[in-house]
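Enquirer: sequence and computational prediction follow.
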Amino acid sequence: MSAIDRIMEENRVKKEREEEEKRRKTEREEADTRRKELREKREKKSKKKEYWLKRGIVVKVLNKKLEGGNFYKMKGVVREVVDKYAGRIELLDGNEGGEDGKEVILDQDELETVIPKVGKEVVVVNGYGRGEDAELLEILEKEYKGRLKLK
């Protein structure tokens, strides 16, 4: 192999390395961009909000003073979100005190969500997946969380 052939071969190899490095750099940048976009999307979805009431969810009344305590621990369905923090609640059949079907407007601070049995459908009311339907896979009582499968 002549000196010119060697130089040409070295230049060819050098050019191939540079192109490979450029290709890898582009792939890394594209992957970084995709990860950043996914992270931003996840952060946008996961940001907890102060308000969590959603139409159609089952809640339990925590207000001990309302109607002389007659509604305390009664279950109801959110029929309408009046503003971000209050809802019109229809009390459910089967509550003690015979107030079935009665409607009251309560602030979310006077309510708590009712957690169904494992395997039942839930609506994510706050955090990642907010507003989406999911299946309840496990209840983590000590952590006040549930493991869900988004639909």
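Expert: Good, I have the coordinates.
Enquirer: show me the shaky parts of this structure.
Expert: For the chain, the stretches flagged by pLDDT under 70 are 43-47, 93-100.
Enquirer: can you give me the helices in it?
Expert: Taking DSSP state H as the criterion, the chain carries its helices at 3-46.
Enquirer: show me the contacts for the closest residue to Lys75 other than its chain neighbours.
Expert: Of all residues not flanking Lys75 in the chain, Leu92 sits nearest, at 4.8 Å (C-beta to C-beta, 6 or more residues apart in numbering). Placement of C-beta: from N, CA and C, glycine included. With contact set as C-beta atoms under 8 Å, 6 or more residues apart in numbering, Leu92 has these partners: 58, 74-77, 100.
Enquirer: and the contacts of stretch 76-85?
Expert: 50-51, 53-61, 87-92, 103-105, 107-109.
Enquirer: neighbours of Glu37, how many?
Expert: By other C-beta atoms under 10 Å, 10 other residues sit near Glu37.
Enquirer: ok, now Leu91?
Expert: 20.
Enquirer: identify the bridge partners of it.
Expert: Beta-bridge pairing of Leu91 under DSSP bridges involves Gly76.
Enquirer: that one and Tyr72 touch, don't they?
Expert: No: counting by C-beta atoms under 8 Å, Leu91 stays clear of Tyr72, with 11.8 Å between them.
Enquirer: hey, what's in contact with both of the two?
Expert: Common neighbours of Leu91 and Tyr72 are not found (criterion: C-beta under 8 Å, 6+ apart).
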